[in-house]
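Undergrad: Have a look at this prediction, sequence included:
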Amino acid sequence: MAVLIFGEYTRRVRVHGAVVPSAGVLHVFAPQTGRLLQAFAPDAAATVAAGDPLFLLGTDTTTNLGETESVVKDQLQSRIDEIAEAIRQRIKLDGVEKRALAERRGAVKREIERVDAQIAQTDVYIAVLQPRAEKYRQLVDKGIILERSFEVAEQSYMQNRQELESLRRQRVQLEGTAAEIRSRLDGFDSSAAIALGELRQRIATLKEQLAQAEARRAIVVAAPANGTVAAVLAHSGQLVATGTPLISLLPTGEKMEIHLLADSKAIGFIREGAHVLLRYTAFPYQKFGQYGGRVTKVSHVTLRPTETDADALAAQPQPSQAQYRITVQPDQPNVMAYGIAEPLRAGMGVEADLLLDTRPLYQWLLEPLYSLRGRVIEKTGENPK
């Protein structure tokens, strides 16, 4: 009798699930359709850093001309080689042209010096011939010499005057040529640099296109964050479609929590804050005991297949039924095994008892009567007499 009065019983619901990181498992998918050319991914349980290469995915397609990206790459490389050769030839020709201009500048300078010497000499002749012609004119006027002698002296004077004018015109032309050569030489290096810069810019553009073609041909699939490899789902040489899962990672430093799956029959009285008894399948509870936890979240709608943790679903005895997710925070992040604290690892299967309402035994025994009384009252209320 004392047991019936003072004894208590806690109703519980048994569900199954798995240990998962609080941030969830990182799944890395194929960004494009292609073939895995190389797998860098280490074995399960190995650690990777963010940015570490996991797979090399080839995305090349084949046409009548061969592999499309390979053809484009070869054409781009050929064009780059052609422009590079044009640059080498341009540098060589620029050197030849610059030396030719320098030599021409020297020749023009020497020609100007020669003309200057002739001008100076002609000036001397004119300085002598002009007074002589004037003197001969005076002597002719006095009848001392013949007219012919004056004409010869005047003709010599006029010829030297014409030669002087011609030399001065020649010097002006030479100065113009020298100025043009100086201008070309002064701007030669900058003009050559601009022309070479345009060619090099074309090479840079083609190299960028080549890099893009190479990137389209092969994509490096990298780790999105620091973590531990949970499962390698693909291998080298495998053909994969866009969105195919390649590898699963467990983020480094994330706390572990329990995801339990319950069907509609079990979800009714489960509330946040409810106590949970956890039994980890990797550590039989008969030897290592049960561990406590507390419900932190209960989903209000059933989960779609894509939202259900694969590990938790696999742990379900009847995974085909509609499932609700129950999130549990374990009281301890580890399991004591032979005196060693073994940390909880993602993917561990969990069997759990959700502890619901606790009531005295006599209330549980009288519950059928309470239910019957409620139905009678409800029926009487619906059919009054």
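TA: Right, received. Where do you want to start?
Undergrad: now for the helix or strand harbouring residue 206, which elements pack on it?
TA: Here residue 206 sits within helix 147-217, counting by DSSP states H and E. With contacts defined as 3 or more CB pairs under 8 Å, 6 or more residues apart in numbering; DSSP states H and E, the secondary structure elements packing on helix 147-217 are helix 68-142. For glycine as for every other residue, the C-beta is placed from the backbone atoms N, C-alpha and C.
Undergrad: ok and the helix it packs on relative to helix 147-217, angle-wise?
TA: Calculated by axes from the mean of the first three to the mean of the last three CA atoms, to 10 degrees, helix 68-142 forms an angle of 170 degrees with helix 147-217.
Undergrad: Check which element follows the helix holding residue 206 along the chain.
TA: Moving toward the C-terminus from helix 147-217, the next helix or strand (DSSP H and E) is strand 218-222.
Undergrad: From the rest of the structure, what touches that following strand?
TA: Defining contact as CB atoms under 8 Å, 6 or more residues apart in numbering, one finds that strand 218-222 is touched by 28, 30-32, 34, 37, 50-60, 246.
Undergrad: rerun at 7 Å
TA: With CB atoms under 7 Å, 6 or more residues apart in numbering as the contact definition, strand 218-222 has outside contacts at 28, 31-32, 37, 51-59, 246.
Undergrad: buried subset of the residues you listed?
TA: The neighbour count (16 or more other CB atoms under 10 Å) marks 28, 37, 54-59, 246 as buried among the contacts of strand 218-222.
Undergrad: and which of these is nearest to residue 351?
TA: residue 28 (30.2 Å; CB to CB).
Undergrad: State the distance from the closest one to residue 222.
TA: 9 Å (CB to CB, to the nearest Å).
Undergrad: intersection of neighbour lists for these two?
TA: Common contacts of residue 28 and residue 222 (CB under 7 Å, 6+ apart): residue 54.
Undergrad: Ranking helices and strands of this structure by mean pLDDT, which lands last?
TA: Ranked by mean pLDDT, DSSP states H and E, the helix or strand of the chain with the weakest confidence is strand 62-63, at a mean of 44.
Undergrad: My guess is residue 248 contacts residue 29. True?
TA: No. Assessed by CB atoms under 7 Å, residue 248 is found out of contact with residue 29, at 10.5 Å.
Undergrad: what's around residue 139, how many residues?
TA: Neighbourhood size, residue 139 [other CB atoms under 10 Å]: 13.
Undergrad: what's the answer for residue 224, then?
TA: A total of 15 residues lie near residue 224 under the criterion other CB under 10 Å.
Undergrad: same question, residue 345
TA: By other CB under 10 Å, the residues close to residue 345 number 17.
Undergrad: Assign it to helix, strand or coil.
TA: Assigned state for residue 345: coil (three-state reduction, DSSP: H, G, I helix; E, B strand; the rest coil).
Undergrad: Could you pull up the residues touching it?
TA: For residue 345, the residues meeting the contact criterion (CB under 7 Å, 6+ apart) are residue 19.
Undergrad: Let me see the confidence value for it.
TA: As summarised for this prediction, residue 345 has a pLDDT of 83.
Undergrad: Repeat that for residue 52.
TA: So residue 52 comes in at 90 (pLDDT).
Undergrad: State the distance from it to residue 251.
TA: Distance check for residue 52 against residue 251: by CB to CB, it reads 14 Å.
Undergrad: which residue packs closest to residue 243, ignoring adjacent ones?
TA: Closest residue to residue 243 in three dimensions, ignoring its sequence neighbours and counting by CB to CB, 6 or more residues apart in numbering: residue 29, at 5.1 Å.
Undergrad: Can you tell me who residue 349 pairs with across the strands?
TA: Residue 349 has the following beta-bridge partners by DSSP bridges: residue 18.
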